[in-house]
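Colleague: return atomic coordinates for the entry below.
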Amino acid sequence: MSDIIPPDYSTAIGQTRLLIPDTEVLDNPVDPLEPSEYIFNDNQIQAFLALYTNNVKRAAAAAKLALATSEALISKVIKTDDLSTDGAKLGAELRAQADMLKKEADEDDSADAFSIVEYSRKSDYPYSGTYYTQGYYIQDLD
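Modeller: The predicted model follows:
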C-alpha cells in the first residue's frame, strides 16, 4: 500500500493521521534527494488500527506513545549556540496527549455501551413463563 498524499480524512488511516498529527510529508534531512515521507507510513498506521480494532483514537494514542519513546531515546537534551531541544519534555507531552486520547476513547466506549434494565410484563400479557428471544431465555419477573 502506498501512502495517500494528501491524507483522506474520510478513512480511519486519515483520521488517525490527523490526530497524531502526521498530515504533512517531510523532507529527509540526511538526503534531500530522497522522496518526502510522513512520520508513519500508511502500513504502520494500519497496523496501529489493527492492534486496536480500528479505534482511531486508540491507534493515534499508540502512535503518539511510539513517537514519545523515540524522542526520549534519540533526542535527549541537545544545546548548541542557537538551538536547544529536549526530547524528554517532548516525550512527556506526547504521552500526555496519548493519555487524553485514551480517555476520550474510553468515554466513547462508555457512550456506546448499553444498560440492562429490569423488565416486568403487564399482567394482561397473553404468554406466561419463560420464552426465547434473540438467543436468550427470558424468565418472567411477575
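Colleague: which helices and strands does the top helix by length along the chain pack with?
Modeller: Longest among the helix segments of the chain by residue count, using DSSP state H, is helix 87-112. Packing partners of helix 87-112 (3 or more Cβ pairs under 8 Å, 6 or more residues apart in numbering; DSSP states H and E): helix 56-74, strand 77-79. Quick note: C-beta positions are derived from backbone N, CA and C, even for glycine.
Colleague: ranking the ones you listed by burial, who's on top?
Modeller: Mean neighbour count (mean count of other Cβ atoms under 10 Å) peaks for helix 56-74 among the helices and strands packed on helix 87-112, with a mean of 20.
Colleague: which residues touch that one?
Modeller: 12, 15-16, 19-20, 22, 39-40, 44-45, 48-49, 51-52, 87-88, 90-95, 97-99, 101-102, 104-105, 108 (Cβ atoms under 8 Å, 6 or more residues apart in numbering).
Colleague: pLDDT weak spots in this protein?
Modeller: Regions of the chain meeting the criterion pLDDT under 70 cover residues 1, 72-73, 75-77, 87, 112-142.
Colleague: one more pass at 50, please.
Modeller: 125 (pLDDT under 50).
Colleague: got phi/psi on the residue nearest to E24 when sequence neighbours are not counted?
Modeller: Of all residues not flanking E24 in the chain, Y38 sits nearest, at 7.7 Å (Cβ to Cβ, 6 or more residues apart in numbering). Dihedral angles phi and psi of Y38 (degrees, to the nearest 10) take the values phi -70, psi 170.
Colleague: so Y38 touches P21, yeah?
Modeller: No. Assessed by Cβ atoms under 8 Å, Y38 is found out of contact with P21, at 10.3 Å.
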